[in-house]
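> sharing a model that was predicted from the sequence below.
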Amino acid sequence: YDYSKINLAALNRNTDEMKTTEVTLDQVVFDTPLQSLTAQVGFFREDSKRYQRNIEGIANSNGQSGQLLVDVNQRNLDGTPNPYFLRPYIGQDQPLTQFLPAKWDTYRVQANYKLDLTQLKGIWKWLGVHNLTGYDEYKYQINRRYSYKDALTGPEPWIPVDPVTGLALSRANQGAISHGPSAALGITRGYFRYYVGNNSGTGQIQYAPTDFKYGNYPFVWGDATTGVFNRSQAGLSQVAITDSTGGSSNLKTILKTYGVLLQSHFFDDMLVSTIGEREDKQYQKNGATPQLLGADGISFNYPSINGWSVGDYHFNSGKTTQVGYVVRPFKDIPWLQRGSRQGGVVGYLEGMLLNTSAFLNNSNSFIPANFATNVFLQPLPNPYGTDKEYGFEVQSPDGKLDFRLQHYETTAFAARNGDAGTIAQRVTRIDITSSARFLLWNQAQDWVQNTHPSFTTTQVQTEVANEMGLPLDTILAVQAGFNAGSISSTNDINAVGTTAVLNYNPTPYWTLQAQFTNARATNSNVSGDTQAWIAQRLPIWTSIIDQNTGQLWWTHNYGGSQTAEQNYGTFVQAPFSIIQQTQGKSNPQYPAYAANFLTSLRLAQFTANPILSKFTIGGAIRWSSASSIGYYGLQQLPAVITELDPNKPIWYRPPAGVDAFISYNTRFWGGKVPTRIQLNARDLENNHGTYLQPVAAFPDGTPTAYRLVDPTYWALTVSFDL
């Protein structure tokens, strides 16, 4: 299909509203040539509301959704002809809509004391200028999430009620609630087909999918006891759900920050030091549980959902320190100053030596992260890191040439946003947290209910937990943590790199810049808790028998595209083995080398023409070395590939990027308003239009996922200096 003109995600909707408030009071307490003291008090508020209805192309869609299929049913279940026979469609299971309000308040007090000893005589003036800044900040943040799904809303007599409370069950909840059966037995939730072509038999995508309007629609359902199909009008609308709503999806955060920073200039700026320390204290609390919907099973019970959990806040704290030095050792050497003024090649080099500086920075950072646990529900430590950078900078005496060389070594400890966190979530999807057909939690409930028809829901769930080898409280807590996005794992990331930047201005009209980077990233200490979870769960996964079929649950296909064993091999075992085997090795997903070259030239360099001299032209070239989009398998086709080879990455090298611009400076309204008109072109090398760039590959090297690369991007801007 023509992906350059047809957007399969056209039915997605996102709306953002942001209101900001800022009030500050600045006060100069005293100000003399020797010293000064200033202070500021401020209040800041961010009040945001986000509504997102992302139906297609989202990672949190439930089940095997968003796939392009063809309707192969000649007739509907009631025997009537299917008017959509052979039409291509995108199937979407229970699309999720969310409303995400947030309010962040910040109170800040800071003060700056400046002591200028250069105003004194004698040795005192060599002690230089000192700036001491202190600050105290208090942040109060509330984040909430309300989730909805599209479901039947009419008062159908066949929809059951909660046997304990007698109230209507949720029409669209995904999982089981704390008592009673699952949400309306799953009858009212929908699987939606968005047709994208006609029934010409070609199966081609011809137009983008569109969203539907809420209202009454024909509803056909069959009575299993009589075999009679019933036809009626049923309401279809947005229904509140407690999945991903309230509880751990709501978060209250209090962040207290104290800090002090001292910058000192010694010996006529020959030595500049920066020393600082900050302490963060974070208090967090999740929303209250249990979560209940209104009596109709459709609307929110806001007092229940908006409440906060009982008990203490989750607390963590840490300090961030920084120590940095800049040294210009040759700045005030008399013979260098004299030689520089004399000119010539030697004088030019002496001038560069005068303007040479060396720098060194060391910092220890701490990030007060949201509360999260590993798969064993043990709290994760906060990410922290160390950073060291050093290098030198040289400037020519005429200011035309500047060269900077910098080397850095950065280590992020207990990082959560790496591959370890992804695998930690995937292992829970096998038997607890997904909507896959093979999910052990759902299948075991089905066979236990059939085996023990007199069991209550609580008894069924307790027996299922026993068969799964996990306490029921643990299963429910893992479900809640997964829905809230708080299940993760950690790994350490070390990055080492060198950057060289050259700025050269041959004339006042011509500027040049070249930048070269060499970087290497490695992982270590990857997700030992996830490996322990796998070791604990595998014996159960590979031995539990489905009491309905008498077959091994692990290898039985329940109607989906994969068995549990196949899902584990594809999404957990293969990538996790690569992560473990590549610890300490350079990560090939990131280019090792990159280079940029930029230039800008004013035509006034060559002409005094009143029109041409106002033009400026320029451009840039961007290049990077190859990066990996996957790994080849240890086995080769036609054999079944079950393992990946960490020593054989599948490389992809994007083409070099070429950009250009042309601008014209003029004045309007009698020369009173300076105006700049500029035309930019990005990715001039892409003269073939939109194309697909591989971003992932099968173990045989065949691309399996792509991103759309846009054609050359043109932008015309006009800016006024009023």
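Ah, there it is. On a predicted model such as this, the values are computed, not experimentally measured, just so you know.
> check which helix or strand the closest residue to residue 571 other than its chain neighbours maps to.
Sequence neighbours aside, residue 426 is the residue nearest to residue 571 in space, at 5.1 Å (criterion: CB to CB, 6 or more residues apart in numbering). All C-beta atoms are positioned from the backbone trio N, CA, C, and that covers glycine. Secondary structure from DSSP states H and E places residue 426 in helix 419-428.
> now that helix: mean pLDDT?
Averaged over helix 419-428, pLDDT sits at 89.
> give the burial count for the residue nearest to residue 571, as a bare number.
If you count neighbours by other CB atoms under 10 Å, residue 426 ends up with 19.
> so how far is residue 652 from residue 707?
With distances taken as CB to CB, to the nearest Å, residue 707 is found 11 Å from residue 652.
> so for those two, which residue has more residues nearby?
Per other CB under 10 Å, whichever of residue 707 and residue 652 has more neighbours is residue 652, with 16 against 9.
> tell me the secondary structure at residue 579.
Following DSSP: H, G, I helix; E, B strand; the rest coil, we place residue 579 in the helix state.
> measure it to residue 565 for me?
Distance from residue 579 to residue 565, counting by CB to CB: 20 Å.
> same check, this time on residue 557
Distance of residue 557 to residue 565, given as CB to CB: 10 Å.
> could you do residue 297 as well?
37 Å.
> more neighbours, those two?
residue 297 (24 against 19).
> can you get me a residue count around residue 490?
Neighbour count of residue 490, defined by other CB under 10 Å: 26.
> need the contact list for it.
Residues in contact with residue 490 (CB atoms under 8 Å, 6 or more residues apart in numbering) are 374, 380, 381, 383, 414, 415, 416, 420, 421, 525, 527.
> what secondary structure does the residue nearest to it when sequence neighbours are not counted sit in?
The shortest distance from residue 490 to any non-neighbouring residue, by CB to CB, 6+ apart, is to residue 414 (4.3 Å). Here residue 414 takes the strand state, with states given by three-state DSSP.
> tell me how far residue 414 lies from residue 420.
Going from residue 414 to residue 420 by CB to CB gives 10 Å.
> of these two, which one has the most company?
Taking other CB under 10 Å, residue 414 and residue 420 do not tie; residue 420 has more neighbours (26 against 19).
> I figured the more buried one hits residue 487, correct?
No: with contact defined as CB atoms under 8 Å, residue 420 does not count as touching residue 487 (11.6 Å).
> tell me which stretches of the chain form helices.
In the chain, helices defined by DSSP state H lie at 302-305, 334-342, 344-354, 419-428, 440-451, 457-468, 472-484, 528-541, 564-568, 574-581, listed in chain order.
> in the shortest one, what counts as buried?
Residues of helix 302-305 classed as buried by neighbour count (16 or more other CB atoms under 10 Å): 304, 305.
> that helix: how far from the chain's middle?
29 Å (CA atoms, centre = their mean, to the nearest Å).
> alpha carbons of that helix, as PDB, please.
This file holds the C-alpha atoms of helix 302-305, laid out as PDB (Å, rounded to 0.1, in the frame of the first residue of the first chain):
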ATOM      1  CA  TYR A 302     -14.400   8.800  42.200                       C
ATOM      2  CA  PRO A 303     -14.200   8.800  46.000                       C
ATOM      3  CA  SER A 304     -12.800   5.200  45.900                       C
ATOM      4  CA  ILE A 305     -10.500   5.800  42.900                       C
END
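> name the residues that touch it?
With CB under 8 Å, 6+ apart as the test, helix 302-305 has contacts from 146, 242, 245, 246, 250, 287, 288, 290, 291, 292.
> how far away is residue 118 from residue 126?
Where residue 126 is concerned, residue 118 sits at a distance of 8 Å (CB to CB).
> so where's the protein shaky on pLDDT?
Scanning the chain for pLDDT under 70 picks out 57-65, 163-165, 174-186, 201-203.
> picking that back up, run a quick check on the residue nearest to residue 571 versus residue 574, I expect a contact.
No: using CB under 8 Å as the test, residue 426 is too far from residue 574 to be in contact (11.1 Å).
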